[in-house]
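*Asks:* turn this into a model:
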Amino acid sequence: MSERFQILVKDVMTKPVTIAKSAFVSEALAKMLDQGVDPLIVTNNGTVIGTTSRAAIAETLGSKKTQALKATSIHVANTVEENFTSAYPDQSIDVLVPLLQHYKLVVVLDAEHRLIGQATAGDLLKVLRPAGPLTDVMEPVNSIQVEERAVHLRRRMLDGKIDRFIVEEGDQVIGIVTETDVAKALHAFKDMVEDTRQEYRIRNLLVRDIMSAPLITMDADTDVSNVIDLMLKKGISSVPIVENGKIAGVVTRNTLVQAL
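*Replies:* Numbering: from 1, shown residues only. All right, here's what the predicted structure looks like:
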């Protein structure tokens with residue numbers, strides 16, 4: 001039996017990070033950022049009912065239905081994604097590969113279906129890594145101009161199901177903006193800006209105001225394992241790849257898992 005098949009789910013799973021459905025989204029987002037996790041497992045009276053993600057929180061905070069509400073008064077129940085998947089601790093690690101190719105998180109349950117752990121792409125990539133060059137695990141670059149309005153950015157994210165954009169100023173790459181940046185910005189505005197001014201201020205928020213910089217990149221000839229090590233060390237979900245002085249693509253935790 002190969003070494004790969006001897007590794008079990010319990011060998012890579014981590015302690016579950018949960019949030020009650022009755023908690024507020026402000027608490028959920030703070031826990032995600034503090035512990036570097038996304039998504040969170042949502043529970044109701046100790047039972048898993050789904051997950052909530054930074055993207056789901058950003059969508060809820062930006063919705064017209066919650067326009068007059070502060071983040072400290074919107075419940076996690078409004079952001080729950082009920083479609084989740086699970087595995088058991090004594091199963092081979094190979095069961096995680098197809099699951100994590102479709103879900104950001106796998107809930108780990110014991111024989112009595114009680115929550116005992118979780119597994120993410122990061123957990124899997126600590127022990128399983130795709131072979132081949134970086135060009136085999138890259139996805140195309142999506143870019144946006146620094147002076148674009150954040151509401152347009154959010155619409156492009158929702159319509160295209162895109163979770164990150166490289167930020168450009170003219171032809172120069174200056175940063176990156178992700179669903180996390182959007183969630184943080186909307187959360188801050190809802191708690192800091194008066195209700196009557198929120199829509200106006202949010203509509204005038206620019207990508208420049210919420211992006212992350214400087215951009216962390218790696219060269220196209222870098223070994224895949226070195227890119228994974230950087231992601232895990234920095235707690236980031238993607239790394240743009242530079243080839244011949246230009247961004248050639250982006251390696252993400254998802255593209256790496258897809259290549260396993």
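*Asks:* quick one, helices of the chain?
*Replies:* 3-6, 9-12, 25-35, 54-61, 96-100, 121-125, 150-160, 179-192, 195-203, 207-210, 224-234, 253-258 (DSSP state H).
*Asks:* for the stretch 101-250 of the chain, give me the ranges with low pLDDT.
*Replies:* Across the stretch 101-250 of the chain, the ranges flagged by pLDDT under 70 are 190-201.
*Asks:* quick revisit: quick one: which of the helices of the chain is nearest residue 113?
*Replies:* Smallest distance to residue 113 across the helices of the chain (C-beta to C-beta): 14.9 Å, for helix 9-12. Yep, even glycine has a C-beta here, placed from its N, CA and C like the rest.
*Asks:* elements contacting that closest one?
*Replies:* strand 115-120 (3 or more C-beta pairs under 8 Å, 6 or more residues apart in numbering; DSSP states H and E).
*Asks:* packing partners of the strand it packs on?
*Replies:* Strand 115-120 packs on helix 9-12, strand 40-44, helix 96-100, strand 105-109, going by 3+ C-beta pairs under 8 Å, 6+ apart.
*Asks:* tell me which of the helices of the chain sits nearest to residue 217.
*Replies:* For residue 217, the closest of the helices of the chain is helix 224-234, at 10.1 Å, according to C-beta to C-beta.
*Asks:* buried residues in that closest one, which are they?
*Replies:* 224, 227, 228, 231 (16 or more other C-beta atoms under 10 Å).
*Asks:* what of stretch 72-90?
*Replies:* Within stretch 72-90, judged by 16+ other C-beta under 10 Å, the buried ones are 74, 75, 76, 77, 78, 79, 80, 81, 84, 86, 87, 89.
*Asks:* list phi and psi for the last one.
*Replies:* Same thing as residue 89. phi -60, psi -30 (degrees, to the nearest 10).
*Asks:* tell me the contacts of it?
*Replies:* Counting by C-beta atoms under 8 Å, 6 or more residues apart in numbering, residue 89 touches 8, 9, 10, 13, 108, 110, 116, 117.
*Asks:* measure it to residue 101 for me?
*Replies:* 20 Å (C-beta to C-beta, to the nearest Å).
*Asks:* please apply the same query to the fourth one.
*Replies:* Residue 77 sits at a distance of 28 Å from residue 101 (criterion: C-beta to C-beta).
*Asks:* tell me how far residue 110 lies from residue 189.
*Replies:* Residue 110 is 42 Å from residue 189, by C-beta to C-beta.
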